[in-house]
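Student: no sequence on hand, only this structure:
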């Protein structure tokens, strides 16, 4: 019963860590996809300013913002590296958003239009680079956690065998003494 209880605790712990790691990796991947979609829709709208392209672009903007808001941002939970990258993404996106939104007020015939367009494209590339770094850092952190758990899990059968042997010997000695005490009097 003790071994079964202990096994269930270990199993649930490993499963929770695995689920948490997969969820965080998925969020990072979704960010990467959302930034790519935002870039694609932005460029489509700058080429052809139609109502449909504008609506699709706005949906891409909202999706990216929602994902950025949902990124894990607890220092104790995600560690220094991921926290720094996430901080850069959050603040970088806020600055990018200001430039992006002010770009739409420019006249397409203005001299600044092309320069600002390339500046925004460069900012989008920077955001994608940070998203890629976040994915790599998340996967690396998950791998480190897995490696630590793997050492423990590889030794777990030996721990359980040793524990079982000690319990069996203890039970045997207890019953031996109990039987001996019943026979001797």
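Tutor: Nice, thanks for sending it over. Keep in mind that what you see is a predicted model, and the values were worked out from it rather than measured.

Student: and residue 148, how far from residue 17?
Tutor: 10 Å (CB to CB, to the nearest Å). Quick note: C-beta positions are derived from backbone N, CA and C, even for glycine.

Student: check residue 133 too.
Tutor: From residue 133 across to residue 17, the span is 22 Å (CB to CB).

Student: quick check: mean pLDDT across the host helix or strand of residue 115?
Tutor: Element membership of residue 115 [criterion: DSSP states H and E] is helix 112-183. Summarised as a single mean, pLDDT over helix 112-183 is 86.

Student: repeat for stretch 42-56
Tutor: Summarised as a single mean, pLDDT over stretch 42-56 is 94.

Student: which parts of that stretch are buried?
Tutor: Applying a neighbour-count criterion of 16 or more other CB atoms under 10 Å, the buried positions in stretch 42-56 are 42, 44-46, 53, 56.

Student: one more: stretch 55-66?
Tutor: Neighbour counts using 16+ other CB under 10 Å place 56-57, 60-61, 63-64 of stretch 55-66 among the buried residues.

Student: what strand or helix carries the residue nearest the centre of the chain?
Tutor: Relative to the mean C-alpha position of the chain, the nearest C-alpha, by CA atoms, centre = their mean, is the one of residue 24, at 1.9 Å. Using DSSP H and E, residue 24 sits in helix 2-47.

Student: packing partners for the helix or strand just after that helix?
Tutor: Next along the chain after helix 2-47, taking DSSP H and E as the criterion, comes helix 51-70. Contact partners of helix 51-70 among helices and strands, from 3 or more CB pairs under 8 Å, 6 or more residues apart in numbering; DSSP states H and E: helix 2-47, helix 75-103.

Student: so which elements touch the first one?
Tutor: Under the contact definition 3+ CB pairs under 8 Å, 6+ apart, helix 2-47 sits against helix 51-70, helix 75-103, helix 112-183.

Student: what do you get for the last one?
Tutor: Of the remaining helices and strands, those touching helix 75-103 by 3+ CB pairs under 8 Å, 6+ apart are helix 2-47, helix 51-70, helix 112-183.

Student: so how many other residues sit close to residue 123?
Tutor: By other CB atoms under 10 Å, the residues close to residue 123 number 18.

Student: quick one: stretch 10-23 to chain centroid distance?
Tutor: Distance of stretch 10-23 from its chain centroid, counting by CA atoms, centre = their mean, to the nearest Å, is 12 Å.

Student: now stretch 12-32
Tutor: 5 Å.

Student: now residue 54, nearest residue through space, not along the chain?
Tutor: The shortest distance from residue 54 to any residue that is not its chain neighbour, by CB to CB, 6 or more residues apart in numbering, is 5.8 Å, and that residue is residue 45.
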